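In: whatever this is, show me its structure:
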Amino acid sequence: MSNSPLLEIKDLHAGIGDKEILKGLSLTVDKNEVHAIMGPNGSGKSTLANVLAGHPGYKVTGGEVLFHGKSLLAMKPDERAHAGLFLAFQYPVAVPGVTMVNFLRQALNAKHGGEMPIREFREKLFSKMGLLKMDQEFARRYVNDGFSGGEKKRAEMLQMAMLEPSLAVLDETDSGLDIDALRTVAEGVNALMNPEMGLLLITHYQRLLNYIKPQFVHVLIDGRIVRSGGAELAEELERTGYEEEEALVAGGKA
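Out: Predicted structure coming up:
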């Protein structure tokens with residue numbers, strides 16, 4: 001068994017076309033850890049999530065990303081999912097005509113490389129839905145088709161519950177949610193956390209962190225992490241904003 005951290009990002013440089021967005025980002029996330037990455041719009045938060053997931057529109061120009069001690073960047077997107085990486089999208093897309101139950105069964109079969117018996121699948125599905133306090137009727141609806149913002153994010157949590165990743169990356173999962181939907185989604189995330197799992201929360205605001213408590217908070221400015229601390233750092237940023245960190249970066253001091 002490897003003693004390597006769950007996720008280790010070393011001096012990562014990446015962008016779109018000729019535009020560099022991540023400019024030497026380094027971060028380590030281990031099992032049973034919750035990390036939050038905060039930063040202003042355009043700082044590179046969603047770029048990081050997309051690069052980790054293997055989005056083909058992003059180009060890595062330098063650095064290294066290790067997942068379970070192996071090169072994540074050398075893996076195709078489906079191989080990353082097989083290895084235990086899960087990305088919850090900021091804006092989940094609708095898949096009309098495909099029910100949640102069929103989508104989840106195909107995803108689970110793809111991850112494990114074989115057909116899970118229907119009875120075993122149904123037992124697992126209903127168990128996870130019970131854990132997330134979801135009505136079983138939800139599984140019969142088409143994926144994200146006509147879903148509210150909160151329902152889309154709950155569907156993402158159900159996917160995470162079924163796939164049981166070792167690392168979950170939540171890309172601004174609080175985006176567009178009212179306070180009740182936010183609380184419901186956060187309760188789902190907390191219910192799914194376990195000692196073998198790491199969680200990377202990418203968010204613009206501190207409010208999500210009122211419900212999902214991180215041990216580590218990192219400030220991302222202009223493609224680099226310029227400051228790290230505990231949960232109190234998020235509270236400070238909520239009061240003061242990012243102006244001080246942005247000024248330090250602009251002055252070349254960070």
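
In: low-confidence regions, the stretch 101-250 of the chain specifically.
Out: 248, 250 (pLDDT under 70).

In: quick one: the helices in it?
Out: In the stretch 101-250 of the chain, the segments counted as helices under DSSP state H, counting those that start in this stretch are 118-131, 149-163, 179-192, 231-240, 243-250.

In: what angle separates the second one from helix 118-131?
Out: On the basis of axes from the mean of the first three to the mean of the last three CA atoms, to 10 degrees, helix 149-163 is oriented at 130 degrees to helix 118-131.

In: what packs against helix 149-163?
Out: Packing partners of helix 149-163 (3 or more CB pairs under 8 Å, 6 or more residues apart in numbering; DSSP states H and E): strand 85-88, helix 100-112, helix 118-131, helix 179-192. For glycine as for every other residue, the C-beta is placed from the backbone atoms N, C-alpha and C.

In: give me whichever of these is most buried.
Out: Comparing those by mean neighbour count (mean count of other CB atoms under 10 Å), strand 85-88 ranks first with a mean of 23.

In: returning to what we had before: want to throw the helices of the stretch 101-250 of the chain into CSV with distance to V219?
Out: What follows is the helices of the stretch 101-250 of the chain, written out as CSV (distance: least, CB to CB, whole Å):
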stretch, distance to V219
helix 118-131, 33
helix 149-163, 24
helix 179-192, 21
helix 231-240, 7
helix 243-250, 5
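
In: out of these, nearest to D222?
Out: Of all those, it is helix 243-250 that lies closest to D222, at 5.1 Å by CB to CB.

In: for that closest one, C-alpha coordinates in CSV please.
Out: Output of helix 243-250 as CSV, limited to C-alpha atoms (Å, rounded to 0.1, in the frame of the first residue of the first chain):
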residue,chain,number,x,y,z
GLU,A,243,-8.3,42.9,-2.1
GLU,A,244,-5.3,42.5,0.2
GLU,A,245,-4.3,39.2,-1.5
GLU,A,246,-4.9,40.7,-5.0
ALA,A,247,-2.7,43.7,-4.1
LEU,A,248,0.1,41.4,-2.9
VAL,A,249,0.0,39.4,-6.2
ALA,A,250,-0.1,42.6,-8.2
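
In: next, the angle helix 231-240 makes with that helix.
Out: Using the same axes, to 10 degrees: helix 243-250 against helix 231-240 is 100 degrees.

In: can you say which of the helices of the stretch 101-250 of the chain is nearest to V51?
Out: helix 149-163 (19.2 Å).
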